[in-house]
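Trainee: I would like to see how this sequence folds:
(2 chains)
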Number of protein chains: 2
Amino acid sequence: MTALPSAIDGTDVAPGYASLSPDDFKSAFRQHPAGVSVITADAGQGPVGLTATSVFSVSAEPPLLVFSVSSLSSSAPTIVAADTVVVHLLGSEQLHIAKLCATSGIDRFADTSIWDRLPSGEPYFTGDGVWIRGRIVNRMEAGTSTVIAVHALESSVSAPAAPAAQPAPAEPTAPAAPSFTPSFDGAPLVYHNRTWHRLDANSQIDG
Amino acid sequence: MTALPSAIDGTDVAPGYASLSPDDFKSAFRQHPAGVSVITADAGQGPVGLTATSVFSVSAEPPLLVFSVSSLSSSAPTIVAADTVVVHLLGSEQLHIAKLCATSGIDRFADTSIWDRLPSGEPYFTGDGVWIRGRIVNRMEAGTSTVIAVHALESSVSAPAAPAAQPAPAEPTAPAAPSFTPSFDGAPLVYHNRTWHRLDANSQIDG
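Mentor: Here you go, the predicted structure:
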């Protein structure tokens, strides 16, 4: 594929095209729900946390995800500058974390009982839930936001190491496939048109 | 911001970093729900339609959205080559469209009663629902997928033209602000861990 510019600002719309108005664009996207994530990072100036509805998986091999961060966000400079981030895919019982990291003008890390640092240094919210630690491998400017691509390095649902109690095989054998044990299987949190939703058997519809 | 490469393939992970396994990556993202979209296009070889859970809004001014398309999809070559696309943000009563465009080996446009072409030529699914027509303004390769940025040009919820029945003003006046009239206000469709969900008052949780 031809190399393309890494930034777009909308000025390259061809003459004669009328852009959709911001109000109509927002109205259309009110119909579009999204899973809720919180992204944490520390680029050396202290921890930041950002609630985002823009996380998606783009590739499993290599494992890559993408999200966007608005330049209006107070966390944006840290997240854009960071080498690594932690992306939390929130369950509905983590609504308080979603709200915390969507509230302006507060210290989102004041309550030290709800967060910690990974051995690699990144801040993250403890407790049940799925997170992925990854390295930022690309950035694309898009209007007032930056789209960030992340290579996943580890997760809270990574296959655990073989249990210590398991007897060593008498002879060398091919390593057993790790048995996957999810650390969390709760109802996910969804945001839609300024309301929060919980997905469970009641929201499911038949195929 | 420094210009960055427009393609990443995971090979630029620094030595010493262990990449998350594809299975663990997929397991983590099973926790992550998403609104369901269908993207249609025709690059001159006939209409294609693709069900996607990767659409998000990145900027309202200019109005920009992003989605990804897997190179494994039969629709990928057309969508990557197209100048313009139509992004449908599906309601739960459009589940049949989501399934249609997620099924391999069929002619997704065989039923001519459910689709038409816009005046600008793009194929789209008619009926209730929100769609946005836009021009592709950037592409970023990411592993086995391409992340595509789209500048929104018009939508099915665009403010309508003034009704013809309205009497013309006696004297020239400043144009009235268009009164926004959404064409659709249904319950959105969400995909999660191989199941379909409907968001409504029953799924809503308190803030």
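Trainee: Spatially central, which residue of chain A would that be?
Mentor: residue A:87 (3.5 Å; CA atoms, centre = their mean).
Trainee: Show the contacting residues for that residue.
Mentor: The neighbourhood of residue A:87, defined by CB atoms under 8 Å, 6 or more residues apart in numbering or on different chains, consists of A:37-39, A:55, A:65, A:67, A:131-134, A:150. To be clear about C-beta, it is placed using only N, CA and C from the backbone, and glycine gets the same treatment.
Trainee: Closest one to residue B:200 out of those residues, please.
Mentor: Closest approach to residue B:200 among these (CB to CB): residue A:37, at 22.8 Å.
Trainee: In this structure that closest one contacts residue A:91, no?
Mentor: No: if you go by CB atoms under 8 Å, residue A:37 and residue A:91 don't touch, sitting 11.2 Å apart.
Trainee: Give me the more crowded residue out of these two.
Mentor: Taking neighbours as other CB atoms under 10 Å in any protein chain shown, residue A:37 and residue A:91 compare with residue A:37 leading, 26 against 22.
Trainee: Could you find the closest non-adjacent residue to that one?
Mentor: Using CB to CB, 6 or more residues apart in numbering or on different chains and skipping the chain neighbours, the partner closest in space to residue A:37 is residue A:55 (4.2 Å).
Trainee: Scan chain A for its longest helix.
Mentor: helix A:22-29 (DSSP state H).
Trainee: Centre of the chain to it, how far?
Mentor: Taking CA atoms, centre = their mean, to the nearest Å, one finds the center of helix A:22-29 at 24 Å from the center of the full chain.
Trainee: tell me which strands and helices it is in contact with?
Mentor: For helix A:22-29, the elements it packs on are strand B:56-60, strand B:63-70, strand B:130-142, strand B:145-155, judged by 3 or more CB pairs under 8 Å, 6 or more residues apart in numbering or on different chains; DSSP states H and E.
Trainee: I would like the residues contacting the next helix-or-strand element following it, please.
Mentor: From helix A:22-29 onward toward the C-terminus, using DSSP states H and E, the following helix or strand is strand A:34-35. For strand A:34-35, the surrounding residues in contact (CB under 8 Å, 6+ apart) are A:53-55, A:89-90, A:188-192, B:32-35, B:56, B:192.
Trainee: Just give me the closest of these to residue A:73.
Mentor: If you rank those by distance to residue A:73 using CB to CB, residue A:54 comes first, at 11.5 Å.
Trainee: Out of the contacts of strand A:34-35, who's the most crowded?
Mentor: Highest neighbour count within these: residue A:190, with 30 neighbours (other CB under 10 Å).
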